[in-house]
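[1] just need the structure, nothing else, for what follows:
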Amino acid sequence: MVNLLISQLLSLIWCWEVGMAALAWLLIPFMAAIGAGLWGSWANRTRKARSDGPELDGYARFREAMERSHSGT
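    Numbering: from 1, shown residues only. Here you go, the predicted model:
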């Protein structure tokens, strides 16, 4: 009877260690996903305040300069 209880106790400890190891490996991608989400929100913080105005203005100036340089030939 005592031997049976000791083997059950050892199996519970072994299962707990395996469960903790699996949990540790699952926490790695979970923390990576949280980090990626935080970095993405931080990287996107200026897009809301800034529109495409400066880029479109620069493209319009470029297009006008290209039209002027070809119209003289």
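[2] okay, stretch 28-35 in CSV with CA atoms only?
    The C-alpha coordinates for stretch 28-35 follow below in CSV (Å, rounded to 0.1, in the frame of the first residue of the first chain):
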residue,chain,number,x,y,z
ILE,A,28,7.6,32.2,-25.1
PRO,A,29,5.4,32.7,-28.1
PHE,A,30,2.7,34.4,-26.0
MET,A,31,5.2,37.0,-24.8
ALA,A,32,6.5,37.4,-28.3
ALA,A,33,3.0,38.1,-29.6
ILE,A,34,2.4,40.7,-26.8
GLY,A,35,5.7,42.3,-27.6
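[3] now do stretch 43-51, average pLDDT.
    Stretch 43-51 carries an average pLDDT of 69.
[4] could you number the chain from 28 rather than 1 from now on?
    Okay, using 28 as the starting number, the last item reads as stretch 70-78.
[5] report pLDDT for W43.
    65.
[6] and if you look at F57?
    Per-residue pLDDT puts F57 at 95.
[7] what's downstream of the helix or strand encompassing it, the next helix or strand?
    Assessed by DSSP states H and E, F57 sits inside helix 29-70. Helices and strands here follow DSSP H and E; after helix 29-70, the next one along the chain is helix 80-98.
[8] what residues does that next one touch?
    By C-beta atoms under 8 Å, 6 or more residues apart in numbering, no surrounding residue is in contact with helix 80-98. Bear in mind the C-beta positions are built from the backbone N, C-alpha and C, glycine included.
[9] just the C-alpha atoms of that helix, please, in CSV.
    Coordinates of each C-alpha in helix 80-98 appear next as CSV, following Å, rounded to 0.1, in the frame of the first residue of the first chain:
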residue,chain,number,x,y,z
GLY,A,80,-0.2,65.2,-47.5
PRO,A,81,3.6,65.7,-47.6
GLU,A,82,4.2,62.6,-49.7
LEU,A,83,1.5,63.6,-52.2
ASP,A,84,2.8,67.2,-52.4
GLY,A,85,6.3,65.9,-53.1
TYR,A,86,5.0,63.6,-55.8
ALA,A,87,3.1,66.5,-57.4
ARG,A,88,6.2,68.6,-57.5
PHE,A,89,8.2,65.7,-59.0
ARG,A,90,5.5,65.2,-61.7
GLU,A,91,5.5,68.9,-62.5
ALA,A,92,9.3,69.0,-62.8
MET,A,93,9.3,65.9,-65.1
GLU,A,94,6.6,67.5,-67.3
ARG,A,95,8.6,70.8,-67.6
SER,A,96,11.9,69.0,-68.5
HIS,A,97,10.3,67.0,-71.4
SER,A,98,8.1,69.8,-72.7
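[10] alright, that wraps it up for me.
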